[in-house]
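Asks: Sequence first, then the predicted structure:
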Amino acid sequence: MTIKIKKGLDIKLVGEAEKTVVDLKADKYAVKPTDFIGVFPKLLVKEGDSVKAGSPLFFDKYRDNIQFTSPVSGKVIELKRGAKRKLLEIVIEADNEISYEDFGGANASDLDREQIIEKFLKSGVWPFIRQRPYSVIADPKDDPKSIFISAFDTNPLAADKDLLLHGHGEEFQAGIDALEKLTSGKVHLNVNADLASSKVFTNSKNVQINQFSGPHPAGNVGTQIHAIDPINKGEVVWYLNPEDVLTIGKLLKNGTYDATKIVAFAGSEVLKPKYYKTIGGAEVSAFAANNVTEGDKRFISGNVLSGEQISANGYLGFYHSLITVIPEGNVHEFFGWMIPSLKKFSFYRTAFSWLMPRKKYRLNTNLNGGERAFVITGQYEKVFPFDIYPMQLVKAAMIEDIDAMENLGIYEVDEEDFALCEYICPSKINMQSVIRDGLDLMRKEMS
Amino acid sequence: MKAIRKILDNMKPHVQKGGKFHMFHSAFDAVETLFFVPDHVTTKGSHIRDAVDMKRTMIWVVIALIPALLFGMWNVGRLHFLSHGEAADFWQMFGYGFWKVLPIIIVTYATGLGLEIIFAQKRGHEVNEGFFVSGMLIPLLLPPDIPLWMVAVATAFAVVIGKEVFGGTGMNILNPALTARAFLFFAYPSDMSGDKVWISDKADAFSGATPLGDALVDNIGSLPSPMEMFIGTIPGSIGETSTLLIILGGIILLATGVASWRILLSTIAGGMVMGLLFNLWGLNDYMNIPAYYHLIMGGFAFGAVFMATDPVTATQTNKGKYIYGFLIGLLAVLIRVFNPAYPEGMMLAILFMNVFAPLIDHYVIEANIKKRLKRAKA
């Protein structure tokens, strides 16, 4: 089945990662409780403790069976806290040789649903599985109506998932086999119809393979769920990244939580953008050493549309396989709103980038304007491939109208689905955070 | 450029909170953002943002209005000299019109922007660009001899009652420029209607009736030729007469995507359909004029291109836009032909539909909600 996504926008940036993989060993790794929406961390370690890869670091106060484990073995050297003592980072100095907790290898076919869930929870791979609505970590008690895996990413400078999984067909299949047991419905694996996908994906069994074509956000899992199996009130769909399925597969095959992953280091401010084989939660400074430009830069864990801003000493996010570095835009621009510029990209024809559809851009973080009330209409719909009225839903979220949000389809969306609307918004409204607040409110009201 | 930046940077501390001139903060901010895009960076959500902001969007509407404005200036002068039977060359005509129209524009902008800045300062937000456009639209909707104090009063009414009481640009229900015109139309009818006001300093002997004025009294025989009405060498409000140049503006707005083609198309369709229905009915001479006359007479074209397409006061859903536009066209022609008091129906039709736009959207969105509920049950 091929599904054509017509609405959307591809943003072409310079600094795409070259398809070579280099080994990277970082000194420090971190798990960031802030990566997990709605989780209140209860610590299980203190500074100075020694941990193995797979040792629990903290659990969620609200759902205490969900625990988070260390990606490496070593010593907990810092528990970094922010305002109001909010726990931000658990930093681990890695051993030279990683030692693993043993959770016991197994074949998915020999395990029942309960045993699989228990293994996932204990080893700390469970948080890889998230759910819609609300985009929070899945609840082991739920029976999702389907599980979605997007095997491609259409975001700007996104890591090539084919490369991330290259040569790991066996482990990927082991992960799929286990996931298939967690749902009474189907596991959907969505591949890019416009490009030849890796055999790792196309040869997978126990899944329904769907083809998607079209511009970004065709690769966003939210778009895919909406097109194939839309979420109604009370229904739950689980989703996860294919590289995380691989980690789950490795757990089943080897019995260890092996957080090794390939990460793209990309963006206009990276001198030699390429892929690195490292471990989840690696420190960004290891990537950036002698490989970024001078000047004011922004480091982003994830992509430029929905990623997380991190400091130059920050760490890779739990769900991310990409670090993007772009210039900060804290400069005044003389008549920038009027003068046509060849350096800027726009969705609109009131600027002139549409004359050069192939050009790649070095975009900075300037807002390119001031915040205004909603004025234009009918434009957001052009980059929003949902049968949902985006502006009306954002307005409902702004005024915290629970009934209106539910009616307008809040259960089907995540903040990242609004990233393009936010990008093109001439009123510069932070739609993603509005939607996030709306989702948090709904979750609170519904529980 | 660096010099301007330096002056602004020197002034900035004084207008910031705690500074001596904090009351001028919004005014300073408006000037600063006019010269420079602010150095604000993204803090939440998408790290990169589109190059286009509200200023760039709005400036295109002003650009699209310029052909009609320049033509209007020339036409004001041309009709003046024509009514006196004096010969004049192009520059004399344009010059006469220029000095007639320019003060109206200046008064409009001074009043409107002044009020906008005061409201922005009070509310603590930035000055909105909405008045960029309104300030250009209001003069073009007025007769050339309108007293300047009336312009100021109407602009103030439109900005305060039409817009700011609802929360400012983006929140208003009625089109501000049309609110200004409607205010004058009902408060000072003798300066806004009849056959005396449309030609500047008209000689008494000359008939200054607009085509709509003629048509209303069944004086169909004295209508100008369709070509004259299309080119715009007829009496009327300053900017509304030249359908040709309004179409040029419309092309600019459609090509840049600033105006909705759905609204534009359906407004024209609505006007044509009503005109054709009247042709079938054919009770009087006015009903029998070719339907397309309605599109080139009076303010129909101007209203369709520049007023009906105002995104804030129009319907917001794509389906709603078809209904909204169609009803504007339909009602405008209906009012023209049936209502003996108002020769022009476009202003009232648009204002009327402005009020109904949220209702249309409500039903369109309700249909989407029902579809979702149905899917849930299936």
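Replies: Looks like it arrived, so ask away.
Asks: domain ranges for chain A?
Replies: A:2-254, A:262-355, A:380-446 (automatic domain parsing).
Asks: touching chain B at all, the shortest one?
Replies: When you say that, I think you mean domain A:380-446. Yes: Domain A:380-446 comes into contact with chain B (CB under 8 Å from any CB of the partner chain), by way of A:381, A:387-389, A:391-392, A:407-409, A:415, A:419, A:422-428, A:430-433. Heads up, the C-betas are built off the backbone N, CA and C, glycines and all.
Asks: now do the first one
Replies: Yes: using CB under 8 Å from any CB, we find that domain A:2-254 touches chain B at A:11, A:156, A:230, A:232-233.
Asks: ok, now which ones touch residue 220?
Replies: The chain I'm using is chain A. Contacts for A:N220 (CB atoms under 8 Å, 6 or more residues apart in numbering or on different chains) come out as A:150, A:154-155, A:416-417.
Asks: right idea, wrong chain: chain B
Replies: B:214, B:285-286, B:288-289.
Asks: picking up where we left off before, among the contacts of A:N220, which one sits closest to A:E171?
Replies: Closest approach to A:E171 among the contacts of A:N220 (CB to CB): A:S150, at 18.4 Å.
Asks: Am I right that the closest one is in contact with A:P217?
Replies: No: assessed by CB atoms under 8 Å, A:S150 is found out of contact with A:P217, at 10.0 Å.
Asks: Are any of the contacts of B:I220 buried, and if so which?
Replies: Among the contacts of B:I220, the ones that count as buried by 16 or more other CB atoms under 10 Å in any protein chain shown are B:214, B:286, B:289.
Asks: Just confirm the second one contacts B:N219, I think it does.
Replies: No: contact criterion CB under 8 Å: B:Y286 and B:N219 do not qualify, at 9.6 Å.
Asks: Of the buried ones among the contacts of B:I220, which belong to helices?
Replies: Using DSSP state H, the members of the buried ones among the contacts of B:I220 that fall within helices are B:D214.
Asks: a markdown table for the domains of chain A, including mean pLDDT?
Replies: Shown next, in a markdown table, are these (pLDDT from 0 to 100):
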| stretch | mean pLDDT |
| --- | --- |
| domain A:2-254 | 94 |
| domain A:262-355 | 92 |
| domain A:380-446 | 95 |
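Asks: now the residue nearest to B:V333 when sequence neighbours are not counted: how far from chain A?
Replies: Ranked by CB to CB, 6 or more residues apart in numbering or on different chains and with sequence neighbours excluded, the top spatial neighbour of B:V333 is B:M274, at 3.9 Å. According to CB to the nearest CB, to the nearest Å, B:M274 stands 25 Å off from chain A.
Asks: and B:M274, how many neighbours does it have?
Replies: 23 (other CB atoms under 10 Å in any protein chain shown).
Asks: go on, the one 4 residues further on?
Replies: A count of neighbours around B:F278, defined by other CB under 10 Å, yields 22.
Asks: How about the contacts made by the closest residue in space to it that isn't next to it in sequence?
Replies: Spatial nearest neighbour of B:F278, excluding adjacent residues (CB to CB, 6+ apart): B:M287 at 4.0 Å. Neighbour list for B:M287: B:278-279, B:281, B:337 [criterion: CB under 8 Å, 6+ apart].
Asks: redo that, cut-off 10 Å
Replies: B:275, B:277-281, B:337-338 (CB atoms under 10 Å, 6 or more residues apart in numbering or on different chains).
Asks: Show me which of those are buried.
Replies: B:275, B:278, B:337.
Asks: Check whether the second one sits in a helix, strand or coil.
Replies: The three-state assignment at B:F278 reads helix, by DSSP: H, G, I helix; E, B strand; the rest coil.
Asks: picking up where we left off before, can you tell me which of the contacts of B:M287 lies nearest to chain A?
Replies: Closest approach between these and chain A, by CB to the nearest CB: B:G275, at 27.5 Å.
Asks: which is the next helix or strand following the helix or strand hosting the closest one?
Replies: Using DSSP states H and E, B:G275 maps to helix B:261-281. Using DSSP H and E, the helix or strand that follows helix B:261-281 in sequence is helix B:293-296.
Asks: who's in contact with that next one?
Replies: So helix B:293-296 is contacted by B:211-212, B:215, B:220, B:223-224, B:226-232, B:234, B:241-244, B:246, B:267-268, B:271-272, B:274-276, B:278, B:286, B:290, B:300-301, B:304, B:329, B:332-333, B:336-337, B:345-346 (CB under 10 Å, 6+ apart).
Asks: just checking, which of those belong to helices?
Replies: Using DSSP H, the contacts of helix B:293-296 in helices are B:211-212, B:215, B:226-231, B:243-244, B:246, B:267-268, B:271-272, B:274-276, B:278, B:300-301, B:329, B:332-333, B:336-337, B:346.
Asks: in a helix, that's where A:A264 is, yeah?
Replies: No: residue state for A:A264 (three-state DSSP) corresponds to strand; a helix is not indicated.
Asks: contacting residues for it?
Replies: A:16-19, A:21, A:153, A:157-160, A:163-164, A:270, A:273-276, A:287, A:303, A:320-324.
Asks: which of these are buried?
Replies: Looks like the contacts of A:A264 have A:16-17, A:21, A:153, A:157-160, A:163-164, A:270, A:273-276, A:287, A:303, A:320-324 buried, using 16+ other CB under 10 Å.
Asks: Take those and keep only those in helices.
Replies: Filtering the buried ones among the contacts of A:A264 for helices - DSSP H - leaves A:163-164, A:287.
Asks: Just list the residues touching B:L334, thanks.
Replies: Counting by CB under 10 Å, 6+ apart, B:L334 has contacts B:270-271, B:274-275, B:277-278, B:327, B:345, B:349.
Asks: For chain B, what's its nearest residue on the stretch 51-200 of chain A.
Replies: A:P156 (7.9 Å).
Asks: distance of that residue from B:H40?
Replies: Separation of A:P156 from B:H40 (CB to CB, to the nearest Å) stands at 21 Å.
Asks: neighbour-wise, which of these two wins?
Replies: A side-by-side neighbour count of A:P156 and B:H40, using other CB under 10 Å, places A:P156 first with 28 against 18.
Asks: Pretty sure that one sits against A:G219.
Replies: No: the criterion here is CB atoms under 10 Å, and A:P156 misses it with A:G219 at 11.3 Å.
Asks: what about the longest helix in chain B?
Replies: Chain B, longest helix under DSSP H: helix B:90-123.
Asks: what's that one packed up against?
Replies: With contacts taken as 3 or more CB pairs under 10 Å, 6 or more residues apart in numbering or on different chains; DSSP states H and E, helix B:90-123 sits against helix B:25-35, helix B:54-83, helix B:130-140, helix B:148-157, helix B:176-187.
Asks: that older thread, pipe the contacts of A:N220 into JSON lines and attach secondary structure per row.
Replies: Formatted as JSON lines, the contacts of A:N220 follow (three-state DSSP):
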{"residue": "A:S150", "secondary structure": "strand"}
{"residue": "A:T154", "secondary structure": "coil"}
{"residue": "A:N155", "secondary structure": "coil"}
{"residue": "A:E416", "secondary structure": "helix"}
{"residue": "A:D417", "secondary structure": "helix"}
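Asks: Now which of these would you call buried?
Replies: For those, buried by 16+ other CB under 10 Å: A:150, A:154-155, A:416-417.
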